[in-house]
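1. model this:
(one chain, ligands or ions: 1)
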Amino acid sequence: MTVSPAPIAVALDAPDLETAARWATQVTPHVSTVKVGLELYLRYGPDVVASVRGASGVQVFLDLKLHDIPATVAGAARAVARLRPAFLTVHAAGGPAMIRAAVEAAPATRVTAVTVLTSLGDGDLDALGVAGPASDAVRRLAALAVDAGAQALVCSPREAAAVRAEVGPDITLITPGVRPSGAATQDQARVATPEAALAAGADLLVIGRPITGAADPGAAAAGIAAALRRVAAGAP
Ligand SMILES: O=C(O)c1cc(=O)[nH]c(=O)n1[C@@H]1O[C@H](COP(=O)(O)O)[C@@H](O)[C@H]1O
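-> Numbering: from 1, shown residues only. Coordinates of the predicted model:
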C-alpha cells in the first residue's frame, strides 16, 4: 500500500549542504515538503534549491522572510521565482503594498505571509510596542495579508483555528512552533503538538529540530507522519 506523504515541511536548517541533502533524502518518503531557510540559502545561494529537491522532486518551501520596501521585495521575489518554490515567505508586517508586490512578482509561487514569529510571546510584543496579545496581532496581520493577496499564512498552531475562521478555507495555513509531546521547546514560545496543530486546521506543519536533531531523521519523520494519519482518520 502506498501512503501519501504527510503535510509536514521539514526545516533543513543545516550548516552545510551535505547534511541538508542527507536529511532531505531521509525524510522525503514521509513528508510533502522540505524548507530551505536563511542559513542554507545565504551560504549556498539559489543552487541549494535544486540540491535539496533532488531526484524526488519534493515540494520546496523557500523561507527568506522578505521584509523591505515594495520595489525591493518585488525584485527579490522576481529573482527567486525562477526557482519555482511552492512557497515563499514575506513578513506580513512589511505591509499590504509590499505583500502585493511579492504576489505580482512571483505568480507561480504561493506568497506566504509570516504573521507573528512563533518565538515571540505576549511580553515580547509589549516590549516591541505591538498591540497584543499575540493571538490578536496574528489575526490582524493575517487579515491584512490576505486582503493584499497572500495565498498562505504562517502562524503558531495556537492561533490556527482563529485564523482559519478569519480567512476561510482557501488560504494555506502553515504552522511552525510544533513540538511532539515532551520535546524541548528551545527558542519557540507559542507551541503545540503535531496532533493539535492538525486538529486546529493547519494545512502544513513546519518541523525542524524534533526531526533533524533525532538520531534517525527518517524514522522521526515517519513517526510524526503516522501520528498525523491517526488524527486525520479520526482516532481519539
Ligand atoms: O517562517 C517560518 O518558517 C517560521 C516562522 C515562525 O514564526 N517561526 C518559525 O520557527 N519559523 C521557521 O520554522 C522552523 C522551526 O524549526 P524548529 O523550531 O527547529 O522546529 C525554523 O526554520 C524557523 O525559521
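
2. quick one: Arg53 and Asp47 touch, right?
-> No - counting by Cβ atoms under 8 Å, Arg53 sits too far from Asp47 to count as a contact (10.7 Å). Backbone N, C-alpha and C define where each C-beta goes, glycine included.

3. look at the two and report which has more neighbours.
-> Counted by other Cβ atoms under 10 Å, Arg53 and Asp47 do not tie: Arg53 has more neighbours, with 20 against 10.

4. for Ala74, give me its contacts.
-> Residues near Ala74 by Cβ atoms under 8 Å, 6 or more residues apart in numbering: 101-102, 104-105.

5. okay, it: pLDDT?
-> pLDDT recorded at Ala74 is 98.

6. how about it, secondary structure?
-> Ala74 carries the three-state label helix when classified by DSSP: H, G, I helix; E, B strand; the rest coil.

7. tell me, what's the model's pLDDT at Gly54?
-> pLDDT, Gly54: 84.

8. quick one, phi/psi of it?
-> Main-chain torsions, Gly54, degrees, to the nearest 10: phi 60, psi -160.

9. Gly213: neighbour count?
-> Considering only other Cβ under 10 Å, Gly213 is surrounded by 13 other residues.

10. what distance do you get for it to the ligand?
-> Separation of Gly213 from the ligand (Cβ to the nearest ligand atom, to the nearest Å): 8 Å.

11. give me the phi and psi for that residue.
-> Dihedral pair for Gly213: phi -90, psi 0, per degrees, to the nearest 10.

12. work out for me the element Ser32 sits within.
-> Assigned by DSSP states H and E, Ser32 belongs to strand 31-36.

13. got the contact list for that strand?
-> 5-12, 20, 23-24, 27-28, 48-49, 52-53, 58-63, 85-87, 204, 206, 208, 221, 225.

14. report the distance from that strand to the chain centre.
-> 9 Å (Cα atoms, centre = their mean, to the nearest Å).

15. alright, calling it a day.
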